[in-house]
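Enquirer: Pasting a predicted model and its sequence here:
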Amino acid sequence: MIRRISHAQFIALCQYVTQEVEKDGGKPVVLAIADEAGDIVYMSHMDNTPPRSGKIASGKAFTAAQMERTTT
């Protein structure tokens, strides 16, 4: 079964995660969502993320999609 996320759901997710990270004083994050083929369909960078963060997040999303596992 393919589960898809809409653009509106992704924006809401980004807003929620950003608020939680800022509230907890955590480091900025990059959110990346891949489709079932491993192609990145959504990506969002918080301010002040290191340049390598996008590559790392997209790699994790790709691997999770290919392995049919979570990124944890």
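Expert: That came in fine, so what should we check first?
Enquirer: Beyond the longest helix belonging to the chain, next helix or strand please.
Expert: Taking DSSP state H as the criterion, the chain has its longest helix at helix 7-24. Under the assignment DSSP states H and E, the closest C-terminal helix or strand after helix 7-24 is strand 30-34.
Enquirer: count of neighbours near Ala34?
Expert: Look at Ala34: counted by other CB atoms under 10 Å, it has 22 neighbours. The C-beta positions use only the backbone N, C-alpha and C, and glycine is treated the same way.
Enquirer: quick one: contacts for it?
Expert: By CB atoms under 8 Å, 6 or more residues apart in numbering, Ala34 lies in contact with Ile40, Val41, Ser58, Ala61, Phe62, Ala64, Ala65.
Enquirer: how near is the fifth one to Cys14?
Expert: Taken as CB to CB, to the nearest Å, the spacing of Phe62 relative to Cys14 amounts to 19 Å.
Enquirer: what do you get for the fourth one?
Expert: Distance of Ala61 to Cys14, given as CB to CB: 14 Å.
Enquirer: more neighbours, the two?
Expert: Here Ala61 and Cys14 are compared on neighbour count by other CB under 10 Å; more neighbours surround Ala61, at 23 against 17.
Enquirer: Helix, strand, or coil at the closest residue to Phe62 other than its chain neighbours?
Expert: Of all residues not flanking Phe62 in the chain, Gly38 sits nearest, at 4.1 Å (CB to CB, 6 or more residues apart in numbering). Of the three states, Gly38 takes coil under DSSP: H, G, I helix; E, B strand; the rest coil.
Enquirer: Pretty sure Gly38 sits against Ser58.
Expert: No. At 9.3 Å, Gly38 and Ser58 do not qualify as touching, with contact defined as CB atoms under 8 Å.
Enquirer: The two: which has the busier surroundings?
Expert: Comparing Gly38 with Ser58 by other CB under 10 Å, the one with more neighbours is Ser58, at 18 against 15.
Enquirer: So which elements touch the host helix or strand of that one?
Expert: For Ser58, the host element (DSSP H and E) is helix 53-67. Under the contact definition 3 or more CB pairs under 8 Å, 6 or more residues apart in numbering; DSSP states H and E, helix 53-67 sits against strand 30-34, strand 40-45.
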